[in-house]
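A.B. asks: Using only what follows, build the 3D model:
(chains A and B)
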There are 2 protein chains.
Amino acid sequence: MTKDLSHQAYPKNVTVVGAQFGGEVNFMTAAWSTYLSHDPLLFGVSIAPARYTHDLIEKSGEFNCNFLPFSERKQVHAIGRISGSEANKIDELGIETSKGDSIDVPFLAKAYAMIECKLQKTVEVGDHTFFVGEIKNAKNCADSFRENSTLNIKQENPTLYLGKNTYTTTSEEEHTI
Amino acid sequence: MTKDLSHQAYPKNVTVVGAQFGGEVNFMTAAWSTYLSHDPLLFGVSIAPARYTHDLIEKSGEFNCNFLPFSERKQVHAIGRISGSEANKIDELGIETSKGDSIDVPFLAKAYAMIECKLQKTVEVGDHTFFVGEIKNAKNCADSFRENSTLNIKQENPTLYLGKNTYTTTSEEEHTI
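C.D. replies: Here you go, the predicted structure:
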């Protein structure tokens, strides 16, 4: 048994969380997120209070989650390492954004998929806050998903986090049971 | 944009959730789970109230999460399809279990990793319940994890769910940034 119990459940599909309030926009990388409910369609993400994005979500009540291809893993990692309170991450990293659809938060132009959420519930969970959002809208690249709405892993490589700054992606193997 | 917005965030690392109350043991497959907090170390899983395991967790206040290799995907899928209220899933599927360590719930003998949780909080999230547990203990196969506690994907293939009864695993490619 490892002493560090916090990596058993990895890999996790990494998301870049975006938020905006009063004209301040920020993005951060989060590995701790999940769908929660079908109806309404809810998605939750766990964020430490010290993160700049945390305040923006609390104040604005909305956020998006961007999913970037494995080829963008260095950008994904960098977004997680620079604090939005110290630097304008968007300029510094040359992040391209597009205007949001159903919420007032820009999304990442290089995302193959993104979801837009309105905050429904805020839950204190230990040293983090779990933001539960209702998915109001989503966008994705036409080729990235199949007609049955699942990710086409033959076309698109998601960014999976293993912990300890290490990333992988999906294999080409898939089985429908 | 697909009309079905509920698959953008996949793949998800599938877990088999186990619970026990009054001698009744059950397991179910869940794709909606995540770590939540470092200190205390919290892990949450979203479960529909109709599931038999839901009641067992509510009554007992404990559960485990088992991570099975991709080679066991048919078993993982089957555990998600048979209801514990209608059949003794463990006998029917020939599931081998071992005695739990820190909680009174057996875990799956074929799991390459498992975590044992004490229920800390129950959160209503739409049509599901989000069970937040504190991780009290964990076990894993010696070869499955590296010394730095991350999954050794050269040795162990996790079971990743894409939605619509379709499973994949990790590639051999990995990058530490």
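
A.B. asks: quick one: the helices in chain A?
C.D. replies: Assigned by DSSP state H, chain A shows helices spanning A:52-60, A:73-81, A:89-92.

A.B. asks: list the helices and strands the shortest one packs on?
C.D. replies: Right, helix A:89-92. With contacts taken as 3 or more Cβ pairs under 8 Å, 6 or more residues apart in numbering or on different chains; DSSP states H and E, helix A:89-92 sits against strand A:24-30. Just so you know, the C-beta spots here come from the backbone N, C-alpha and C atoms, and that holds for glycine as well.

A.B. asks: list the buried ones in the strand it packs on?
C.D. replies: By neighbour count on 16 or more other Cβ atoms under 10 Å in any protein chain shown, the buried set for strand A:24-30 is A:25-30.

A.B. asks: contacts with chain B among those, please.
C.D. replies: Residues of these in contact with chain B (Cβ under 8 Å from any Cβ of the partner chain): none.

A.B. asks: from those residues, which is closest to chain B?
C.D. replies: Using Cβ to the nearest Cβ, A:Ala30 is the member of these that lies nearest chain B, at 9.5 Å.

A.B. asks: now, which of the buried residues of strand A:24-30 sits nearest A:Thr122?
C.D. replies: Nearest to A:Thr122 among the buried residues of strand A:24-30, counting by Cβ to Cβ, is A:Ala30 at 15.3 Å.

A.B. asks: For chain A, which element, helix or strand, carries the lowest mean pLDDT?
C.D. replies: Lowest by mean pLDDT, DSSP states H and E among the helices and strands of chain A is helix A:89-92, with a mean of 85.

A.B. asks: on that earlier part again, pick out the most distant pair among the buried residues of strand A:24-30.
C.D. replies: So, these by Cβ to Cβ: farthest apart are A:Val25 and A:Ala30, at 16.2 Å.

A.B. asks: can you redo the helices of chain A as TSV with distance to B:Phe21 and mean neighbour count?
C.D. replies: Output for the helices of chain A, formatted as TSV (distance: least, Cβ to Cβ, whole Å; neighbours: other Cβ atoms under 10 Å in any protein chain shown):
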stretch	distance to B:Phe21	mean neighbour count
helix A:52-60	37	20
helix A:73-81	40	19
helix A:89-92	48	14
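
A.B. asks: Reformat these into JSON lines and put distance to B:Tyr10 next to each item.
C.D. replies: Formatted as JSON lines, the helices of chain A follow (distance: least, Cβ to Cβ, whole Å):
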{"stretch": "helix A:52-60", "distance to B:Tyr10": "23"}
{"stretch": "helix A:73-81", "distance to B:Tyr10": "17"}
{"stretch": "helix A:89-92", "distance to B:Tyr10": "27"}
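
A.B. asks: So for B:Ala138, which of those helices sits nearest?
C.D. replies: helix A:73-81 (24.6 Å).

A.B. asks: What angle do strand A:24-30 and the closest one make with each other?
C.D. replies: 110 degrees (axes from the mean of the first three to the mean of the last three Cα atoms, to 10 degrees).

A.B. asks: Present the buried residues of strand A:24-30 as CSV; the columns should include pLDDT.
C.D. replies: CSV is the format used below for the buried residues of strand A:24-30 (pLDDT from 0 to 100):
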residue, pLDDT
A:Val25, 94
A:Asn26, 94
A:Phe27, 96
A:Met28, 96
A:Thr29, 96
A:Ala30, 97
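
A.B. asks: Out of the helices of chain A, which gets nearest to A:Gly126?
C.D. replies: Comparing these under Cβ to Cβ, the one sitting nearest is helix A:52-60, at 14.2 Å.

A.B. asks: thinking A:Gly18 is in contact with A:Phe107, fair?
C.D. replies: Yes. Counting by Cβ atoms under 8 Å, A:Gly18 does reach A:Phe107; the two are 6.2 Å apart.

A.B. asks: Need the residues touching each of the two.
C.D. replies: Overlap of the contact sets of A:Gly18 and A:Phe107 (by Cβ atoms under 8 Å, 6 or more residues apart in numbering or on different chains) consists of A:64, A:66.

A.B. asks: which of the two has more neighbours?
C.D. replies: Legend: neighbour count by other Cβ atoms under 10 Å in any protein chain shown for A:Gly18 and A:Phe107, higher for A:Gly18 (30 against 23).

A.B. asks: Could you list everything the most centrally placed residue in chain A pairs with in the sheet?
C.D. replies: Centroid check for chain A by Cα atoms, centre = their mean gives A:Thr15 as the closest residue, at 2.3 Å. In this entry, A:Thr15 is beta-bridged to A:Ala30, by DSSP bridges.

A.B. asks: Same check on the one 5 residues further on?
C.D. replies: Under the criterion DSSP bridges, A:Gln20 forms beta bridges with A:Val25.

A.B. asks: Done for today, thanks.
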